[in-house]
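In: Sequence and predicted structure are below.
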Amino acid sequence: MPETNHFLPVALEHASRLINHGPTVLITSSDGTRRNVMAAAWSMPVEFTPPRVAVVIDKNTFTRELISASGTFALCLPGSSLIDMTYAVGSTSGRAMDKFKHFGIDTVPAPVLGLPVLASGCSAWLECRLIPERHCEDAYDTCFAEVVGAAADARIFRDGHWLFDSGNADLQTIHHLGGGNFVCAGNVLQATGAQAPI
Ligand SMILES: Cc1cc2nc3c(=O)[nH]c(=O)nc-3n(C[C@H](O)[C@H](O)[C@H](O)COP(=O)(O)O)c2cc1C
């Protein structure tokens, strides 16, 4: 049973609150034939209405190739239980493998754009339509996009607000310090295979 049963739509005027606190996200993408997922620490809201976000996505990634082809992507917010998988999909390329299959990541189609989003372990997702920018294609890794759909797990985000408590620690967002070390609600979590903080 996908945990997305707990998901409720988030009003678009509240979508910025989902990434306002700088969580590490999983960017999912598909060109209709191929699909992919990568980790990204650099994303932020940049406009209120319509809600727009900026995400830094290296031009050399397979993700970027799929986004250029489809003009869409989704941002999924992994909970603390997914730090190892987050680190793994941020350390490997989808050009060589289907990371969803390789890492055993189940997905469901997101309701607005149909992109694959995580079936379990994430607290929210945002569906995004790329805003074509010439400078983005030519020179920069930063992508701007409009948020066209958003949803969150009602056990941790309700009525436009995060509700972190001792009962939802597994869903709480993770924040990358570098080298596979993350902060979650004040605790540093270390992914398998990562270096200890210096
Ligand atoms: C925690 C974490 C955060 C990352 N943040 C970013 C980021 O903000 N932008 C970026 O371009 N790459 C980032 N990366 C690196 C990409 O996830 C990595 O290049 C990935 O292998 C690209 O996969 P792909 O080629 O399958 O798209 C991050 C990696 C990790 C582990």
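Out: Perfect, thanks for sending it.
In: Who does the nearest residue to Ala41 once chain neighbours are set aside form a beta bridge with?
Out: When the adjacent residues along the chain are set aside, Ala41 lies closest to His176, with 4.1 Å between them (CB to CB, 6 or more residues apart in numbering). Bear in mind the C-beta positions are built from the backbone N, C-alpha and C, glycine included. Beta-bridge partners of His176, counted by DSSP bridges, are Phe182.
In: Count the residues that sit near Ile19.
Out: Ile19: 22 surrounding residues under other CB atoms under 10 Å.
In: Model confidence for it, exactly?
Out: At Ile19, the model reports a pLDDT of 97.
In: List the contacts of it.
Out: The contact partners of Ile19, by CB atoms under 8 Å, 6 or more residues apart in numbering, come to Val25, Ser43, Met44, Pro45, Val53, Leu75, Leu77, Leu126.
In: rewinding a little: tell me if I'm right that the residue nearest to Ala41 and Phe182 touch.
Out: Yes: in this structure, His176 is within contact of Phe182 by CB atoms under 8 Å, at 5.6 Å.
In: who's more crowded, the two?
Out: Ranked by neighbour count (other CB under 10 Å), His176 and Phe182 place Phe182 first, with 25 against 21.
In: Find residues that contact each of His176 and Phe182.
Out: Both His176 and Phe182 are contacted by Thr24, under the criterion CB under 8 Å, 6+ apart.
In: re the thing from before, show the contacting residues for the residue nearest to Ala41.
Out: His176 touches Thr24, Ala39, Ala41, Phe182, counting by CB under 8 Å, 6+ apart.
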